[in-house]
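Novice: Below are the sequence and a predicted model for it; my questions follow.
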Amino acid sequence: MMNDAYTLTLPEVQTSCMVFASPHSGRNYTRAFLRSSVLDELQIRSSEDAFMDRLVAPAAKFGAPFLAAHMPRAFIDLNRACDELDPAVVQDVRRPGHNPRIASGLGVIPRVVANGRAIYSGKLSMAEANARVEQYWRPYHNRLGQLMEDTNRVFGRAVLVDFHSMPHEAVQSAVHTGFARPDVVLGDRFGAAADGKIVDLIETVFLEAGLRVSRNAPFAGAYITQAYGRPSRGHHAVQIEIDRALYMNEQYVRPNGNFDSFRALMERIVAEIADVGRQELPLAAE
């Protein structure tokens, strides 16, 4: 199922309460968007979770839906609230109270990509910002919300497994001396977004695959984890950040020599996470 905002891949029969998603792997860089930016076609991709949709795509084979965004994060950030508008990049926006995401240029219409590089030389109109939200942000979130509701109704719970990638340097700089650098960071907003038993099982899947895992450091989850992680309603959300250096050349935004073997590993990981969604779990929050 495809429209301008996303591709939804559904299993023949949904057998897992897991809902897989990739909100930042979109790579539909339109000519109009590229013309509006001061960055070249390679620089503008630096904030993209490149190839993550390809790594998670097998989810439907294992009985779970998979939702992948089409538009790039540099164009509209689906992991932000739709009203997180930056007055430094959108005209006629009232200056908000302190919001660290907006202050750093990472609102719903981003001002910068990786390393703080500005996307535009001027400001966008409010009409343009609103059009992006209505055409891409809202359809994606409407569909994700419906998937969570439908899954919860059938299985008694719904678990959003939200896949992202993290720059290798971001992981390295966040590691304290004496600690191993994680390959994977699980974010559940310090337990507020998902029952700990679910996160434990997902962590075990990655550990048994030979990957190093940390929780909530340096990434605990942003808007999506906060909005969809409501354990008291049977809705759980876990953000998964994977080190890009494991499978891609970050400088040239292309698969590296390890891509095929890592993709095979990810297929097994996705299958096992989907299988977690078929287990009966005595969840205290429900």
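Specialist: Okay, I see it.

Novice: Just to check, Gln135 is in contact with Asp4?
Specialist: Yes - using CB atoms under 8 Å, Gln135 is in contact with Asp4, at 6.4 Å. Bear in mind the C-beta positions are built from the backbone N, C-alpha and C, glycine included.

Novice: Comparing these two, which residue is more hemmed in?
Specialist: A count of neighbours by other CB atoms under 10 Å puts Gln135 above the other of Gln135 and Asp4, at 14 against 10.

Novice: would the more buried one count as being in a strand?
Specialist: No - assigned with DSSP: H, G, I helix; E, B strand; the rest coil, Gln135 falls outside any strand and is helix.

Novice: what's the distance between it and Ala64?
Specialist: 27 Å (CB to CB, to the nearest Å).

Novice: How about His235?
Specialist: 15 Å.

Novice: Between the two, tell me which one has more neighbours.
Specialist: Comparing His235 with Ala64 by other CB under 10 Å, the one with more neighbours is Ala64, at 29 against 23.

Novice: pretty sure the more buried one is in contact with Val19, am I right?
Specialist: Yes - counting by CB under 8 Å, Val19 is a contact partner of Ala64 at 6.7 Å.

Novice: all helices of this structure, in order?
Specialist: Under the criterion DSSP state H, the chain carries helices at the ranges 31-36, 52-56, 100-103, 126-132, 138-155, 168-174, 196-208, 223-228, 259-276.

Novice: With respect to burial, which of those scores highest?
Specialist: helix 52-56 (a mean of 23; mean count of other CB atoms under 10 Å).

Novice: residues in contact with that one?
Specialist: 7, 20, 22, 24-25, 66, 68, 163-165, 242, 247, 262-263, 266, 270 (CB atoms under 8 Å, 6 or more residues apart in numbering).

Novice: again, only this time at 7 Å
Specialist: 20, 22, 25, 66, 68, 163-165, 263, 266, 270 (CB atoms under 7 Å, 6 or more residues apart in numbering).

Novice: Now which of these would you call buried?
Specialist: 20, 22, 25, 66, 68, 163-165, 263, 266, 270 (16 or more other CB atoms under 10 Å).

Novice: Not counting its own residues, what contacts stretch 116-130?
Specialist: Counting by CB under 7 Å, 6+ apart, 36-39, 43-44, 74, 85, 89-92, 105, 109-113 sit against stretch 116-130.

Novice: And Arg243, how close does it get to Val161?
Specialist: No, residue 243 isn't Arg; it's Asp. Asp243 sits 17 Å away from Val161, going by CB to CB.
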